[in-house]
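K.L.:
Provided below for reference: sequence and predicted model.
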Amino acid sequence: MNNNRKIPRIHRYIPESEKTDPNIICRGLCDHDEQAIYINPDQSDKERLTTGVHEMIHFILPGRGETWVEDSSVRIGEVLWRLGYRSKKPRAKSHTAPSKVTEDLSVKPQNDKEAHP
């Protein structure tokens, strides 16, 4: 299936089925079968932005290796951060899954002074 033109559902939690090892904290997950990405809300705004980019790269380019995806997502996330993109919603305070709530992907650029540290 070609996902290049699809936008996945965005969930602000990690499914319980992925929390098998308490020593590993999952930052994000791309689920092609469900056409969804999951973002751990217990990250800073910048980390959530980069994680969202990371999982979206997995979604549209499923054949790319993890090293390439990680490098690309960090670089893209940094550019978006410097441009001032931030989440409109406050981040959740736990890993508990809400009942099918999805993230609003709208972003609001901050003023130019905040966008370029």
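P.N.:
It's in. Residues are numbered from 1 along each chain as shown.
K.L.:
can you tell me the element the residue nearest the centre of the chain falls in?
P.N.:
The chain has Gly52 as the residue nearest its centroid, 1.9 Å off, counting by C-alpha atoms, centre = their mean. Assigned by DSSP states H and E, Gly52 falls within helix 45-60.
K.L.:
which residues does the residue nearest to the centre of the chain contact?
P.N.:
Contacts for Gly52 were tallied using C-beta atoms under 8 Å, 6 or more residues apart in numbering; they are 10, 28, 37, 39. No exception for glycine: its C-beta is placed from N, CA and C like everyone else's.
K.L.:
so which of those belong to strands?
P.N.:
With DSSP state E as the criterion, strands contain 10, 28, 37, 39 from among those.
K.L.:
turn those residues into a markdown table, including neighbour count, distance to Gly65 and pLDDT.
P.N.:
Shown next, in a markdown table, are the ones in strands among the contacts of Gly52 (neighbours: other C-beta atoms under 10 Å; distance: C-beta to C-beta, whole Å; pLDDT from 0 to 100):
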| residue | neighbour count | distance to Gly65 | pLDDT |
| --- | --- | --- | --- |
| Ile10 | 17 | 23 | 93 |
| Gly28 | 22 | 16 | 96 |
| Ile37 | 23 | 18 | 96 |
| Ile39 | 26 | 21 | 96 |
